[in-house]
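Trainee: starting from these lines, generate the structure:
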Amino acid sequence: MSNLPVELTEAQRRIAAAYDPALLEDAGHRLITLLAANLARAERSEGAVLPWVDPEDGIQEAASWLRETAVSAAAGTQPELPERLADLVRTMLARGLNLHDPRYIGHQVPAPVPLAGLFDAVGSVTNQVMAIYEMGPWATAVEQAMVRELGAAIGWAAGTFAGTVTHGGALANLTALLTARNVAVGDAWEHGLGCDRPRPVILAHADAHYSVARSAGILGLGSRQIVPVGLDKQGRMDPRVLDKEIARLQAAGQPIVAVVACACATPTGAFDLLPDIAEVCRARAVWLHVDAAHGGAAVLSDRHRHLVAGLQRADSVVLDAHKMLFVPGLCAFVFYRDKRHRFEAFRQDAPYLFDPAAPGLAEYDSGMKTVECTKRAAAFGLWGAWSMFGRQLFADMIDVTFALGRTFFEKLAAADDFVPLHDPQCNIVVFRHIPEALLGASPERTGAFQLELRRRIIESGEFYIVPSKHQGVGALRVTIINPLTTPAHLDQLMEALRRHGRELLAG
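Mentor: Numbers count the residues shown, from 1 in each chain. Here you go, the predicted structure:
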């Protein structure tokens, strides 16, 4: 920094120091070294999966770093910035959930391909944002290249479909259902739903993700305007029940915004029978939306593509790359089978953004198609990983983790003290641990035991799994979403549950 002009003010010197490329280089080398070491420790299962601390203790620790900087500055004892960054990163890594530990088998959030994060970092450091094409030309190019690649994998012909990326599946569902609402209720965007017309409804898989009901509330339909459609014994939407529900509503003059099917449903990973559901929707002239946030990636797997047969017949589809495409959050795709629907969600002008001198560029302005105006370049990680490793890596990770779901089911079924609660179609498995002392116990006691057992095991740091319910009774749930998890880790989980269960029952 000695080459800075002497006429700079102290404020300008501080700013220049923060923007120094040499600082980025030095700190960046340290960052990569720390990340690589942490990744190696996590993959070897060294330390806790979740280093549990009380929330308020964590907040106080984070706040102490803020105060320490101010105290050091006042005393003139500030540390070298690269070392300061290293200290901060060490703390972040020591306190965070270790998704790359093979014992992380919890929520539907993956252990991402590590290099994907570096491509995201390029977008973050250079602030490659989107809204209009000229603000993020390469971000736009990457996003649309991935839209075209995945849309073709779904089964649509080039040039016939459209898509965009949003910050997460909940926002993706909202965007798709907003489009469906505007198509079904033609003037709703401009004039609202009003009180002088029947209130529209959405028919949804009875176990649809909560973001569907949340979307109904945001869209002005009301969360109680979700009509749950009954399921079959495998937890899939029953097409015959759906047909009867639509016929009943249409006979009563009830407007229907959409049918929401799942590929797959969050509770148990059940894949709806999309060809049959699509046939019902087409015959009844109702928009079909498929929430394929988790399971849509199966289109890339020759072994599991049958699970999403018929996906190409949906009017809109959501697919989260930050689930089964193993990239960092958040990167969720919204697809429209008919490209004419791509601008239906948001019908408005913003002349300060969109250039009337180049109307053709509106096709590439993401702000015309998403809730967000400024939007991060969310597809960089996926594009980078795909460009480096190819499509086959993603198929491999889907195949491996789905196969582990079946393996775990078989291990549970073979054990006297475990009960699998469904036949898994993917990497989501719901089960209970029922030691001999709980045989014949009430559902309330059995369910409470599962939840307390889960709490003990995550606070121990040995594994990370999540709570669930099955038929209203507490249960345990895993999503095997780390492709480095092995059958041996699943054996270790069962033994850990047995050990903690004995301790819990012993009081």
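Trainee: gap between the two ends of stretch 460-467?
Mentor: 16 Å (C-alpha to C-alpha, to the nearest Å).
Trainee: in the stretch 201-350 of the chain, what residue spans correspond to helices?
Mentor: With helices called from DSSP state H, counting those that start in this stretch, the stretch 201-350 of the chain shows them at 210-218, 239-251, 274-284, 321-324.
Trainee: any chance of CSV for those, columns mean pLDDT and mean neighbour count?
Mentor: Every C-beta, even on glycine, is put in place using the N, C-alpha and C of the backbone. Below are the helices of the stretch 201-350 of the chain laid out as CSV (pLDDT from 0 to 100; neighbours: other C-beta atoms under 10 Å):
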stretch, mean pLDDT, mean neighbour count
helix 210-218, 94, 19
helix 239-251, 97, 16
helix 274-284, 98, 19
helix 321-324, 97, 27
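Trainee: pipe those into CSV and attach distance to residue 63 per row.
Mentor: Shown next, in CSV, are these (distance: least, C-beta to C-beta, whole Å):
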stretch, distance to residue 63
helix 210-218, 31
helix 239-251, 52
helix 274-284, 49
helix 321-324, 29
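Trainee: so which of those helices gets nearest residue 34?
Mentor: helix 321-324 (23.1 Å; C-beta to C-beta).
Trainee: only alpha carbons, please: show that closest one as PDB.
Mentor: Extracted as PDB, the C-alpha positions of helix 321-324 are listed here (Å, rounded to 0.1, in the frame of the first residue of the first chain):
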ATOM      1  CA  ALA A 321     -30.100 -28.000  -8.400                       C
ATOM      2  CA  HIS A 322     -29.200 -27.400  -4.800                       C
ATOM      3  CA  LYS A 323     -30.700 -30.700  -3.900                       C
ATOM      4  CA  MET A 324     -30.000 -33.700  -6.100                       C
END
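Trainee: and it, what does it pack onto?
Mentor: Here helix 321-324 touches strand 332-336, helix 391-414, going by 3 or more C-beta pairs under 8 Å, 6 or more residues apart in numbering; DSSP states H and E.
Trainee: ok now that helix, how far from the chain's centre?
Mentor: Relative to its chain's centre, helix 321-324 lies at 6 Å (C-alpha atoms, centre = their mean, to the nearest Å).
Trainee: can you check stretch 214-227 too?
Mentor: 21 Å.
Trainee: out of the helices of the stretch 201-350 of the chain, flag the one nearest residue 100.
Mentor: Across the helices of the stretch 201-350 of the chain, closest to residue 100 is helix 321-324 (C-beta to C-beta), at 14.8 Å.
Trainee: figure out which of the helices of the stretch 201-350 of the chain is closest to residue 45.
Mentor: That would be, of the helices of the stretch 201-350 of the chain and by C-beta to C-beta, helix 321-324, which comes in at 22.7 Å.
Trainee: low-confidence stretches in the stretch 201-350 of the chain?
Mentor: 348-350 (pLDDT under 70).
Trainee: next one: the chain
Mentor: Checking the chain against pLDDT under 70 turns up 1-6, 70-71, 73-78, 348-359.
Trainee: show me where this structure has strands.
Mentor: 129-130, 162-166, 201-205, 226-229, 256-262, 288-291, 316-320, 332-336, 375-376, 418-420, 428-433, 466-470, 473-479 (DSSP state E).
Trainee: chain center to the fourth one, what's the gap?
Mentor: How far strand 226-229 lies from its chain's middle: 23 Å, per C-alpha atoms, centre = their mean.
Trainee: what do you get for the first one?
Mentor: From the chain centre to the centre of strand 129-130 is a distance of 20 Å (C-alpha atoms, centre = their mean).
Trainee: helices or strands next to that strand in the packing?
Mentor: On a contact count with 3+ C-beta pairs under 8 Å, 6+ apart, strand 129-130 meets helix 137-154, strand 375-376.
Trainee: buried stuff in the first one?
Mentor: Read that as helix 137-154. Of all the residues in helix 137-154, those buried under the rule 16 or more other C-beta atoms under 10 Å are 139, 140, 142, 143, 144, 146, 147, 148, 150, 151, 153, 154.
Trainee: stretch 35-50 now?
Mentor: Neighbour-count burial for stretch 35-50 [16+ other C-beta under 10 Å]: 38, 39, 42, 43, 45, 48, 49, 50.
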